[in-house]
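# A structural model of the following input is requested.
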Amino acid sequence: MLNHKTLRFLLPAILSIMLAMGGFNCNILGPHITSSPDTTSNNFSFQSWSFGASNAGGSTLQDVAIISDSDIWAVGAIYLDSADGNPDPNAYNGLHWNGQKWTNMRIPVPLCGSSSTQPFPLYSVFAFASDDVWFTGGGDMEHWDGVTFTTDCSMNALISGRVNKIGGTSSTDIYIVGNAGTIVHYSDGSWQKIQSGTTLNFYDIYGSGGQIIAVASDPADNYNRKIVQLNGTTATDVSDFPIPWPLSTVWFVPNEVYYVAGSGVWEKNKLSDSTWKDISNVSQYYSTVVRGNSVNDVFIAGAYGEFLHWNGVRWYSFLPETSLNSGAYGSMAVKGNLVVAVGQNEGKGVVLMGTRQ
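Numbering: from 1, shown residues only. A predicted model of the protein is given here:
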């Protein structure tokens with residue numbers, strides 16, 4: 001079986017992880033918080049879907065946002081066959097769940113600076129409400145108001161390469177993060193570049209209770225990482241001691257618990273704490289995303305379909321139900337008793353939906 005250290009060197013942005021998968025049994029893992037609130041239930045039922053034609057090219061899903069159990073968006077690139085049975089070169093870049101089924105969508109994404117409008121792949125989606133959903137495909141932002149899509153290309157000159165994630169507190173206070181240290185902030189109707197102090201790639205951003213934190217790394221070239229707290233147009237470094245490996249995700253409840261993960265999983269109780277606690281033994285695989293509802297209701301997903309739940313007392317692994325042969329879940333959204341993870345497996349985009357009973 002591959003051990004955790006073997007997987008420390010994988011690039012979290014690449015969902016297809018080419019390693020030989022070892023066996024793994026359902027695990028109830030030991031507690032890591034000695035003083036715990038009441039537990040939450042591990043009783044989940046799962047549904048899964050795959051999208052893409054095997055002969056049409058590699059499909060993947062990059063991000064997901066839950067508005068309600070009948071209004072979920074996922075984005076990426078889904079390649080299907082055309083009506084004549086041949087591969088269609090134009091990808092579907094979105095999926096929408098209406099409570100009963102997923103619908104393939106081609107969200108118009110213009111090539112900024114030209115008149116061309118094509119369904120280019122989308123990398124991130126972030127929703128404030130059913131009529132306030134934001135998408136990015138790189139150098140632009142697409143906004144869904146419940147009726148139509150509109151495009152904003154004004155941030156194009158401020159970014160360096162791909163945009164990886166959207167975060168924020170409202171549609172007038174939005175951050176995007178991406179490659180080469182990119183952080184851009186939208187406020188008062190305009191975009192402003194934030195100096196991040198790094199050229200590492202930012203892979204995730206999360207905000208709650210007035211705090212916004214982003215994490216960056218570049219495991220393809222080195223094992224460095226960076227954690228920053230964002231406040232308006234300022235990025236302030238957060239201690240990463242003693243984390244030695246790349247990070248790809250962050251989630252927290254302000255002043256109660258903070259998680260960062262990637263090559264390992266780390267936690268602290270206060271952002272001002274100088275030391276992160278290593279709880280990497282909860283998983284032997286690379287952790288691409290952590291999200292949750294509360295301090296006793298936290299989820300981690302990652303390579304080979306790893307899917308963990310913290311119920312306030314111990315971590316529980318659903319891997320026997322959620323495993324992927326050669327891919328990973330790269331993003332996840334959680335809302336109440338519903339959790340949805342998206343990613344890639346064997347050249348197809350995948351969706352995993354878990355409902356707590």
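
# Of all the residues in stretch 243-252, which ones are buried?
Residues 243, 245-252 are the ones in stretch 243-252 that count as buried (16 or more other CB atoms under 10 Å). From N, CA and C alone the C-beta is placed, and that goes for glycine too.

# What of stretch 337-350?
By neighbour count, and taking 16+ other CB under 10 Å as the criterion, the buried residues in stretch 337-350 are 337-345, 347-350.

# roughly how far out does stretch 231-251 sit from the chain middle?
Distance of stretch 231-251 from the chain centroid (CA atoms, centre = their mean, to the nearest Å) equals 16 Å.

# as a whole number, average confidence for that stretch?
In this model, stretch 231-251 carries a mean pLDDT of 96.

# CA atoms of that stretch as PDB?
Once non-C-alpha atoms are left out, stretch 231-251 reads as follows in PDB (Å, rounded to 0.1, in the frame of the first residue of the first chain):
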ATOM      1  CA  ASN A 231      -8.400  42.200   4.700                       C
ATOM      2  CA  GLY A 232      -9.500  44.500   2.000                       C
ATOM      3  CA  THR A 233      -6.500  45.100  -0.200                       C
ATOM      4  CA  THR A 234      -3.900  43.700   2.300                       C
ATOM      5  CA  ALA A 235      -2.500  40.200   2.500                       C
ATOM      6  CA  THR A 236      -0.900  39.300   5.800                       C
ATOM      7  CA  ASP A 237       1.200  36.200   6.300                       C
ATOM      8  CA  VAL A 238      -0.100  33.500   8.700                       C
ATOM      9  CA  SER A 239       2.400  31.200  10.400                       C
ATOM     10  CA  ASP A 240       2.800  27.800   8.700                       C
ATOM     11  CA  PHE A 241       5.100  26.400  11.400                       C
ATOM     12  CA  PRO A 242       5.900  23.500  11.500                       C
ATOM     13  CA  ILE A 243       4.200  22.400   8.200                       C
ATOM     14  CA  PRO A 244       6.900  21.100   5.800                       C
ATOM     15  CA  TRP A 245       4.800  20.100   2.800                       C
ATOM     16  CA  PRO A 246       2.500  21.700   0.100                       C
ATOM     17  CA  LEU A 247      -1.000  22.800   0.900                       C
ATOM     18  CA  SER A 248      -4.100  23.000  -1.300                       C
ATOM     19  CA  THR A 249      -7.100  23.800   0.900                       C
ATOM     20  CA  VAL A 250      -8.300  25.800   4.000                       C
ATOM     21  CA  TRP A 251     -11.400  25.900   6.100                       C
END
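
# Can you pick out the most distant pair from the buried residues of stretch 337-350?
Greatest spatial distance among the buried residues of stretch 337-350 (CB to CB): 337 and 347, at 31.6 Å.

# if we can go back for a sec, filter the buried residues of stretch 337-350 down to the ones in helices?
Within these, no residue falls in helices by DSSP state H.

# Quick check: the gap between residue 283 and residue 312.
In this structure, residue 283 and residue 312 are separated by 18 Å, where distance is defined by CB to CB, to the nearest Å.

# out of the two, which sits in the busier spot?
The neighbour comparison of residue 283 against residue 312 (other CB atoms under 10 Å) goes to residue 283, with 27 against 16.

# for the residue lying closest to that one once chain neighbours are set aside, what are its contacts?
By the measure of CB to CB, 6 or more residues apart in numbering, the closest residue to residue 283 outside its immediate chain neighbours is residue 306, 5.4 Å from it. The contact partners of residue 306, by CB atoms under 8 Å, 6 or more residues apart in numbering, come to 283, 285, 287, 300, 317, 319, 322, 328-329.

# what about residue 41, neighbour count?
In terms of burial, residue 41 registers 11 neighbours under the definition other CB under 10 Å.

# and what of residue 210?
Residue 210 is flanked by 8 other residues according to other CB under 10 Å.

# Spell out which residues sit in contact with the residue nearest to it when sequence neighbours are not counted, please.
Leaving aside its chain neighbours, residue 210 sits nearest to residue 254 (7.1 Å; criterion: CB to CB, 6+ apart). Under the criterion of CB under 8 Å, 6+ apart, the contact partners of residue 254 comprise 208-211, 271.

# which of the residues you listed count as buried?
With neighbours counted using 16+ other CB under 10 Å, those contain these buried positions: residue 211.

# For residue 169, state which of the contacts of residue 254 is nearest.
residue 210 (7.9 Å).

# re earlier: give me the distance between the residue nearest to residue 283 and residue 124.
Following CB to CB, the distance that separates residue 306 from residue 124 is 22 Å.

# Could you list the low-pLDDT ranges of the stretch 151-300 of the chain?
219 (pLDDT under 70).

# Could you look up the SS state of residue 157?
Using DSSP: H, G, I helix; E, B strand; the rest coil, the structure places residue 157 in helix.

# Give me the number of neighbouring residues for it.
Counted with other CB under 10 Å, residues neighbouring residue 157 total 11.

# Run through the residues that contact it.
For residue 157, no residue meets the contact criterion (CB under 8 Å, 6+ apart).

# Residue 146 belongs to a strand?
No: secondary structure assignment places residue 146 outside any strand; it is coil (three-state DSSP).

# Can you get me a residue count around it?
9.

# And for residue 237?
By other CB under 10 Å, the residues close to residue 237 number 12.

# now do residue 53
The number of residues packed around residue 53, counting by other CB under 10 Å, is 18.
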